[in-house]
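A.B. asks: Pasting the sequence and the predicted model now:
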Amino acid sequence: MSTAHLAIDLGASSGRAIVGLLHGDPAIVELKEVHRFEHHPCPTPAGPVWDLTGIWLNVLEGIRQASDWCRENDVQLLSIGVDTWGVDWALVGSSGELLALPHCYRDPQNQEAMDRVLDVVGGREALYARTGIQLMQINSLFQVAARNNREPELVQAAHRLLFMPDLFHYWLSGEMTTERTIASTSGMLALETGDWDVELMEQLNIPTGMLGPIIDPGDVVGNIRNEIAESTGAEASVKIIAPGAHDTASAVAAVPVDQALGDARWAYLSSGTWSLLGAELNQSFASGESCAAPFTNELGLSGTTRFLKNIAGLWLVQELRREELEAGREISFSEMTQQAAGAEAFRTLVDPNASQFAAPGNMAEKIKAFAEATGQPLPETLGQLVRCCLDSLALCYRETVDLLEEILGQRIEVLYIVGGGANNRLLTEITSTVMQRPVSAGPTEATAIGNVLTQALGCGVLADRFQIRDVVSRSFEPEIFLPENSAIVMDKSVYSRYRKILGSSF
């Protein structure tokens, strides 16, 4: 019997509604995108906020299109689940009213709050030992502390703090829940328990009554509200099921792993605006070395830990394209990559995680300034700029895998790249060359696949996370890149040169 499940996959700049059709014996999954839209943070005097009503109207349109598609194809839509980017949240009052628009994680207020929190808790190492989370100013903990400092009455009035996917699940079902994988991005959970660190919140004078019950991926949130069913044409029996509500959790669930490799002998790279590179572990892991690296402990399906590091990702290339478009030069990512392929390899390198690259704007000039400050040739063409970004990212991936191996004490045999970045064949080839390991690229829609199949798990169609990966492996053929097949030549001095420029500031 065929079953259909709708993934509402919301990134930080776009969203999609994708129907996953599960059928056959043994089962395979097929995807049908029924709606796509863009959205952007809105500047306000209080800081950048998300266009929440705009996103919500597009979510409803996605459900409407999915319901129509399922009727036309004579399949039953069983469930809907929402995944989003991490860390951002909203406050809801006791009547269910949204108390304020959720702020974008790039809000500059967060840095000052981070400094204050670290002073209170005794520094980076002390906080990391409690939460196991990579300390970044975007973390929800620092966002909440910033809001509590500026608007304490607002935070005290909150009945619930809901992360972005939890808010949409609430609007769809009427039930307020907090899904564990998205909560684990916050820096507000205790490493040892995977539950709210109430003692930490109290130490920071943050109200804890707004912290609600935590559910797991695959748990049923509730049924779709009658008003939503009527306005979208969905059946009243449709369930709202929590996927890995953090998009990376869903993406990692869909990594087509060779089960024979065993734990920690493979690494994943969820590649998009951000690059999330790490290993799937059976338990959390926090040490002085992992804090210094730093690696974060985010939660995944079935009690697993996503032991990973946040890397700048294709954000740099996206910013270069935005600058081209603003200058009136129409160009696609594919054309940019073609130009990069014709540029000299490893000519200019940057630290993709350098703080100056985090903020939008003037990316080309920032890259040139970094090159000048570190005594390297300045990129003169768009192809050279893009090649600099791709080469630097690949070298950063190697450095991260090296750290991962050192901390875990095991060699990583293969890197699985999933997400939109798996479409960039040049970056994947450079990565395989730099790492001197096989790289498996695909599926590109890993987040939607993981979302859909975790819903199927919640509906009882699949039994466990291993069955999920079996379905993925049967349904999609990844492309394998081997270093011995690469036409890219890398001198041994390149990696040493890259390591020397890390942490450069000016």
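C.D. replies: Yes, it's here.

A.B. asks: State the three-state secondary structure for D391.
C.D. replies: Counting by DSSP: H, G, I helix; E, B strand; the rest coil, the backbone at D391 sits in helix.

A.B. asks: isn't it right next to L349, touching?
C.D. replies: Yes. In this structure, D391 is within contact of L349 by Cβ atoms under 8 Å, at 6.2 Å. C-betas here are computed from N, CA, C, even on glycine.

A.B. asks: of those two, who's got more company?
C.D. replies: D391 (28 against 24; other Cβ atoms under 10 Å).

A.B. asks: And what about the residue lying closest to Q65 once chain neighbours are set aside, helix, strand or coil?
C.D. replies: Residue nearest to Q65 in three dimensions, not counting chain neighbours: V34, with 3.9 Å by Cβ to Cβ, 6 or more residues apart in numbering. On the three-state scheme (three-state DSSP), V34 is labelled strand.

A.B. asks: Can you give me the domain boundaries for the chain?
C.D. replies: The chain breaks down into these domains under automatic domain parsing: 3-247, 315-394.

A.B. asks: what's the burial count for D83?
C.D. replies: As a burial measure, D83 scores 32 neighbours (other Cβ under 10 Å).

A.B. asks: and the residue nearest to Q65, what does it touch?
C.D. replies: A17, I18, V19, G62, Q65, A66, D68, W69 (Cβ atoms under 8 Å, 6 or more residues apart in numbering).

A.B. asks: host element of the fourth one?
C.D. replies: G62 is part of helix 52-72, with elements assigned from DSSP states H and E.

A.B. asks: Return the set of buried residues in that helix.
C.D. replies: 52, 55, 58-60, 62-67, 69-70 (16 or more other Cβ atoms under 10 Å).

A.B. asks: do the same with stretch 96-103
C.D. replies: Buried-residue list, stretch 96-103, by 16+ other Cβ under 10 Å: L98, A100, L101, P102, H103.

A.B. asks: Flag the shaky bits of this protein, pLDDT-wise.
C.D. replies: Where the chain drops to pLDDT under 70, the residues are 259-264, 503-506.

A.B. asks: Tell me where the stretch 351-500 of the chain has strands.
C.D. replies: Here the stretch 351-500 of the chain has its strands, by DSSP state E, counting those that start in this stretch, at 414-418, 439-441, 479-481.

A.B. asks: The stretch 51-200 of the chain now?
C.D. replies: 77-84, 89-92, 160-163, 178-179.

A.B. asks: what residues does the last one touch?
C.D. replies: Think strand 178-179. 161-163, 165-166, 169, 211-217, 219, 242, 244-246.

A.B. asks: just the buried members of those?
C.D. replies: 161-163, 165-166, 169, 211-212, 214-217, 242, 244-246.

A.B. asks: now, which of those residues sits nearest R497?
C.D. replies: H246 (35.2 Å; Cβ to Cβ).

A.B. asks: Let me know which of the domains of the chain is tucked in deepest.
C.D. replies: Across the domains of the chain, the average number of neighbours (mean count of other Cβ atoms under 10 Å) peaks for domain 3-247, which reaches a mean of 20.

A.B. asks: start to end distance for that domain?
C.D. replies: Across its full length, domain 3-247 reaches 22 Å between end residues, using Cα to Cα, to the nearest Å.

A.B. asks: How far away from the center of its chain is that domain?
C.D. replies: Taking Cα atoms, centre = their mean, to the nearest Å, the mean C-alpha location of domain 3-247 is offset from the chain mean by 12 Å.

A.B. asks: which residues touch the nearest residue to L299 once chain neighbours are set aside?
C.D. replies: What sits nearest to L299 in space, not counting adjacent residues and going by Cβ to Cβ, 6+ apart, is S184, at 4.0 Å. By Cβ under 8 Å, 6+ apart, the residues touching S184 are I133, G194, H246, N297, E298, L299.
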